[in-house]
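Student: Have a look at this prediction, sequence included:
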Amino acid sequence: GRGMRHVSLDISAKITVAACGSLQTPLLLQRSGMRNHNIGRNLRLHPVTGLYGEFESSIKCYEGAPMTTVSNVAANLDGKGYGARLETPSAHPALLAGSMAWRGAKMAKREVLCFNRIAPIIILTRDSGSGTVYADLKGRPRVHYTMNTKDSRHMMEALERAAKAVIASGAKKIFTVQTDVPPFDCDPALGVSDPRLPVWLSKVKQAGVVPNKTGLFSAHQMGTCKMGTTPSAGAVKPSGETWECVNLYVADTSVFPTPSGTNPMVTVAAISYGIAESIIKRARKLVTNGQFSQRSKL
């Protein structure tokens, strides 16, 4: 801007930590000349879809605690820890409106007007498939990711269980975020025994996960500089240090070898703690060898 002066700033460090997240850390490493083939690959996103239940009473899901209940009923669908978790989030009305499937202006207005009585459930899928992140011509991150057949099937199976849970809770209407699936009007007297329910659920599975027709979201990006015991298996060592540059560490969710399958906050904190311990050991060794002075207690 006017009156501003641009200058170059060089910072020298014996130990450096990159923690730009799974979308930016791999680009930083590549701009720095690193060529490990794992950098930018193995992108896991915990793809999410949703289901909404409309109830008679007021719920106001945009108030209160942000996450109150998690169900593992569909968390291990393949017997190897992959599936989907059902979670009940707090959702701002604008977020709800943006996630609703478009079924025309009249239906959209009706859905918005009943937000106070809407209870959302998100289906958070632990993805076995992966994508990539790369830089475009302007250096900005770009993502390529497509859900594989297994993960799509897990998402639909979990969506079915979420629908039954919402009906059992007394919902009067349920709807997914699939544009080709109409809402289901529940019969409180029949609940999940309603003979119409299997027919509607078959439509849900048949519609499946289709680009631009199924609402998909992601709040967790992981794995693009994954740990490995060899350079061919990962971009960084189990200590967090990169294979290509001594004393350069990565400490964020990009080092995940596999997705956590749940909110990665605790996992990344634990992994970063371990990496910090490795950095302290390395720093102490450098101090002992006289490679730099100890300015603070390590």
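Tutor: In hand now; what should we look at?
Student: Which residues does the longest helix along the chain contact?
Tutor: Ranked by residue count and defined by DSSP state H, the top helix of the chain is helix 265-288. For helix 265-288, contacts defined as CB atoms under 8 Å, 6 or more residues apart in numbering pick out 14-15, 17, 19, 239-241, 247, 249-253, 255-256, 260, 292-294, 298. Backbone N, C-alpha and C define where each C-beta goes, glycine included.
Student: Am I right that F175 falls within a helix?
Tutor: No. Per DSSP: H, G, I helix; E, B strand; the rest coil, F175 lies outside any helix segment and is strand.
Student: If it is in a bridge, with which residues?
Tutor: Y52 (DSSP bridges).
Student: List buried residues within the contacts of helix 265-288.
Tutor: The neighbour-count test (16 or more other CB atoms under 10 Å) marks 17, 19, 240-241, 247, 249-253, 255-256, 260 as buried among the contacts of helix 265-288.
Student: Which member of these is positioned nearest I59?
Tutor: Relative to I59, the closest of the buried ones among the contacts of helix 265-288 is S260; by CB to CB it sits at 28.9 Å.
Student: Any regions of the chain where pLDDT drops low?
Tutor: Where the chain drops to pLDDT under 70, the residues are 1, 292-298.
Student: For it, which segments count as helices?
Tutor: 25-31, 93-99, 105-113, 149-168, 196-207, 265-288.
Student: Work out the gap between the fourth one and the centre of the chain.
Tutor: In this case it means helix 149-168. Remark: helix 149-168 is offset 18 Å from the chain centroid, using CA atoms, centre = their mean, to the nearest Å.
Student: go on, the second one?
Tutor: Offset of helix 93-99 from its chain centre (CA atoms, centre = their mean): 18 Å.
Student: Could you do the third one as well?
Tutor: In terms of CA atoms, centre = their mean, the centre of helix 105-113 is set 28 Å apart from its chain centre.
Student: Show me what that helix packs onto, helices and strands only.
Tutor: Other helices and strands packing on helix 105-113, by 3 or more CB pairs under 8 Å, 6 or more residues apart in numbering; DSSP states H and E, are helix 93-99.
Student: gap between the most centrally placed residue in the chain and P47?
Tutor: Nearest to the mean C-alpha position of the chain, by CA atoms, centre = their mean, lies H220 at 2.6 Å. Noted for H220: a distance of 10 Å to P47, by CB to CB, to the nearest Å.
Student: can you check R140 too?
Tutor: Remark: distance between R140 and P47 (CB to CB) = 22 Å.
Student: Looking at these two now, which is surrounded by more residues?
Tutor: More crowded of R140 and P47, by other CB atoms under 10 Å: P47, with 24 against 11.
Student: on that earlier part again, which residue packs closest to the residue nearest to the centre of the chain, ignoring adjacent ones?
Tutor: H46 (4.2 Å; CB to CB, 6 or more residues apart in numbering).
Student: The one you found: neighbouring residues, count only.
Tutor: That count, for H46 with other CB under 10 Å as the rule, works out to 22.
Student: tell me the phi and psi of it?
Tutor: Main-chain torsions, H46, degrees, to the nearest 10: phi 50, psi 60.
Student: which residues touch the residue nearest to the centre of the chain?
Tutor: Going by CB under 8 Å, 6+ apart, H220 touches 44-46, 253, 259-260, 263-264.
Student: if you set the cut-off to 10 Å instead, what comes out?
Tutor: Residues near H220 by CB atoms under 10 Å, 6 or more residues apart in numbering: 22, 44-48, 124, 127, 253, 256, 259-265, 267-268.
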